[in-house]
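Student: Pasted the sequence and its predicted model underneath.
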Amino acid sequence: MEAKQHDVVIIGGGISGTALLYLLARYTDLKSIALVEKCNGIAALNSHGRNNSQTLHCGDIETNYSLEKALSVQASAAMVVNYAKQLPSCEHILYKYSKMVLAVGEQECDALEKRFQEFSPHYPAMRLWDADGISRIEPNVVWGRNERIAAVGATGEYSAVNFQALADSFVTQAKSTDKNIEVLLATKVKKITDLDGRFELETNRHTLNAKTVVVSAGGHSLLFAQRMGYGKQFACLPMAGSFYFTPDILRGKVYTIQNDKLPFAAIHGDPDLLLGGKTRFGPTALMLPMLERHNWKTIPDFLRLFSLDAGVMKVMWDLFKVSDIRNYMLKNILFEVPYLRQRLFLKDARKIVPSLQLQDLTFAKRVGGVRPVMIDKENRKLLMGEAKINPGNGIIFNMTPSPGATSCLQNAEQDLRILVNQLGCDFAESKFTKELKG
Ligand SMILES: Cc1cc2nc3c(=O)[nH]c(=O)nc-3n(C[C@H](O)[C@H](O)[C@H](O)COP(=O)(O)OP(=O)(O)OC[C@H]3O[C@@H](n4cnc5c(N)ncnc54)[C@H](O)[C@@H]3O)c2cc1C
């Protein structure tokens with residue numbers, strides 16, 4: 001059979017791939033775009049609400065973000081809100097819950113007050129609450145507590161997203177344009193060959209031909225890149241996150257202050273959008289030797305990406321030599337051990353709800369995905385946030401740990417601009433700016 005021809009083929013039907021599909025279909029004059037996804041549905045892995053924290057990150061309650069990072073994430077989140085507000089299905093995509101980051105004890109409270117002074121000029125809805133203020137919004141956070149607490153947050157703002165519903169809407173909207181949009185589900189790309197000026201993609205079902213390719217396939221993106229000779233300076237450290245359920249003891253999102261020494265976000269409590277009537281605590285951060293959670297077949301792929309050479313050893317050593325990180329990693333292993341896990345996690349969750357009881361806490365089975373955190377072997381450091389490999393020949397590889405779902409449209413915009421340059425097509429920039437950045 002003759003190979004199908006496309007202007008762009010996107011590999012991966014998660015939130016990243018579908019956001020790009022939408023932007024290309026709506027704002028360029030490209031005629032033919034395909035999206036290839038190996039699962040039977042859109043956003044079935046990390047972008048599914050079951051597997052992430054469902055947070056629209058705006059940078060106001062994430063104390064691990066600098067002001068610069070926070071403002072960039074705030075701009076990404078605004079694009080998601082501007083997009084979804086145009087849709088009749090908006091109320092199934094975006095949710096308004098109160099949100100706050102909680103400081104416990106003198107030191108944390110003082111640090112949070114300082115942060116509030118710095119950040120509040122950029123966040124008009126941001127408020128600083130003392131215990132009384134907090135108890136009006138989240139009574140269970142205050143109940144049974146002796147130490148001083150403070151919180152910074154907002155009410156009445158969009159703070160939660162069903163990222164799978166968002167991804168579905170991107171596909172529906174892309175298909176509603178006059179472009180030739182092909183969405184191939186249950187189609188696994190096995191090999192990409194660069195044929196000098198075009199790419200051939202071998203899948204389990206068809207062979208596809210593309211002028212340009214964007215790989216947004218989680219940790220697999222790096223594997224594709226390295227097979228083609230790119231991104232050899234990177235390794236991938238998959239960090240799995242697990243969650244615990246309680247009855248609905250929180251009305252909104254309650255984050256905790258980040259320990260500066262830890263490179264991973266502290267646990268938080270969130271209302272579960274998919275289940276209703278339950279609060280979800282987590283995520284934990286467990287190094288897992290697999291690129292996809294609960295998919296043992298991805299262990300060999302992980303091993304291909306995690307050779308223990310000098311660069312990786314140096315990064316691992318830098319992590320393990322800090323006692324806070326060592327203890328944290330050990331604790332996160334124990335968080336997976338039946339019987340022990342609830343008991344250990346209870347202590348952390350009580351920082352948010354002091355009156356929480358062991359019988360209220362259940363381990364959320366088969367909930368939580370994997371963040372493909374990148375290691376830069378040349379510079380011997382852990383890269384937090386999204387990573388992109390762009391060799392400049394029409395193929396792009398994206399690796400998107402948190403807050404990658406919130407940043408989906410901002411990341412897709414970067415890819416769109418690269419593709420517009422590569423293909424010399426038109427980009428309706430003023431329409432794009434008006435609709436998404438307005
Ligand atoms: C525990 C946890 C909590 C998180 N919380 C948040 C949060 O609250 N807010 C936020 O913004 N972000 C959050 N994130 C991050 C967010 O989930 C990810 O950044 C985002 O889902 C990544 O989307 P993606 O489309 O790049 O990857 P994925 O959703 O992983 O999609 C990649 C797709 O590629 C497909 N694929 C892989 N290989 C192939 C192949 N060979 N052929 C065809 N298809 C292939 C896969 O099947 C998959 O569907 C969290 C992540 C985790 C793990």
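Tutor: Now that the structure is in, tell me what you want to look at.
Student: What's the local residue count around the residue of the stretch 151-300 of the chain found nearest the ligand?
Tutor: Proximity of the stretch 151-300 of the chain to the ligand (Cβ to the nearest ligand atom) peaks at Gly241, 2.7 Å away. In this view, the C-beta of every residue, glycine as well, is placed from N, C-alpha and C. Counted with other Cβ atoms under 10 Å, residues neighbouring Gly241 total 25.
Student: How about Val171?
Tutor: 21.
Student: Give me the phi and psi for it.
Tutor: phi -70, psi -50 (degrees, to the nearest 10).
Student: residues contacting Arg205?
Tutor: Listed by Cβ atoms under 8 Å, 6 or more residues apart in numbering, the contact set of Arg205 reads Leu184, Ala186, Thr187.
Student: Return the per-residue confidence for it.
Tutor: We have a pLDDT of 93 for Arg205.
Student: Which helix or strand contains it?
Tutor: Assigned by DSSP states H and E, Arg205 belongs to neither a helix nor a strand.
Student: pretty sure Leu184 is touching Ala34, no?
Tutor: Yes. The criterion here is Cβ atoms under 8 Å, and Leu184 meets it with Ala34 at 6.3 Å.
Student: Which of those two has more residues huddled nearby?
Tutor: Ala34 (25 against 19).
Student: Would you mind measuring the gap between the ends of stretch 268-283?
Tutor: 7 Å (Cα to Cα, to the nearest Å).
Student: Could you list the buried residues of it?
Tutor: His268, Gly269, Asp270, Pro271, Asp272, Leu273, Lys278, Thr279, Arg280, Phe281, Gly282, Pro283 (16 or more other Cβ atoms under 10 Å).
Student: So which of those residues would count as near the ligand as well?
Tutor: The residues of the buried residues of stretch 268-283 that also fall near the ligand, by Cβ under 6 Å from any ligand atom, are Pro283.
Student: What about the buried residues of stretch 268-283, which are in strands?
Tutor: When DSSP state E is applied, the buried residues of stretch 268-283 are split such that His268, Gly269, Asp270, Pro271, Lys278, Thr279, Arg280, Phe281, Gly282 fall in strands.
Student: so who does the second one touch?
Tutor: So the one you mean is Gly269. Counted by Cβ under 8 Å, 6+ apart, Gly269 has contacts Thr246, Ile249, Leu250, Lys253, Val254, Thr279, Arg280, Phe281, Ala349, Ile352, Val353.
Student: Which of those fall in strands?
Tutor: Taking DSSP E, the ones among the contacts of Gly269 that sit in strands are Thr246, Lys253, Val254, Thr279, Arg280, Phe281.
Student: Which one of the residues you listed is nearest to Ala428?
Tutor: Lys253 (35.3 Å; Cβ to Cβ).
Student: pretty sure the closest one is touching Met100, no?
Tutor: Yes. Counting by Cβ under 8 Å, Lys253 does reach Met100; the two are 7.3 Å apart.
Student: For those two, indicate the residue with more neighbours.
Tutor: The residue with more neighbours, out of Lys253 and Met100, is Met100; 30 against 24, by other Cβ under 10 Å.
Student: ok, that one to the ligand distance?
Tutor: In this view, Met100 and the ligand are 15 Å apart by Cβ to the nearest ligand atom, to the nearest Å.
Student: likewise His92?
Tutor: Relative to the ligand, and taking Cβ to the nearest ligand atom, His92 is found at 17 Å.
Student: got it, and Lys321?
Tutor: Relative to the ligand, and taking Cβ to the nearest ligand atom, Lys321 is found at 26 Å.
Student: what are the phi and psi angles of Val315?
Tutor: When read as degrees, to the nearest 10, the backbone of Val315 gives phi -60, psi -40.
Student: wait, it sits on Asn379?
Tutor: No. Counting by Cβ under 8 Å, Val315 stays clear of Asn379, with 9.5 Å between them.
Student: which one of these two has more residues nearby?
Tutor: Taking neighbours as other Cβ under 10 Å, Val315 and Asn379 compare with Val315 leading, 20 against 11.
Student: Quick one: name the residues of the stretch 251-400 of the chain near the ligand.
Tutor: Pro283, Gly368, Gly369, Val370, Arg371, Thr400.
Student: check contacts around the last one.
Tutor: With Cβ under 8 Å, 6+ apart as the criterion, the residues that contact Thr400 are Ser16, Ser216, Gly218, Pro372, Glu386, Ala387, Ser407, Asn411.
Student: What mean pLDDT does the lengthiest helix in the chain get?
Tutor: In the chain, assigned by DSSP state H, the helix with the most residues is helix 67-84. For helix 67-84, the mean per-residue pLDDT is 97.
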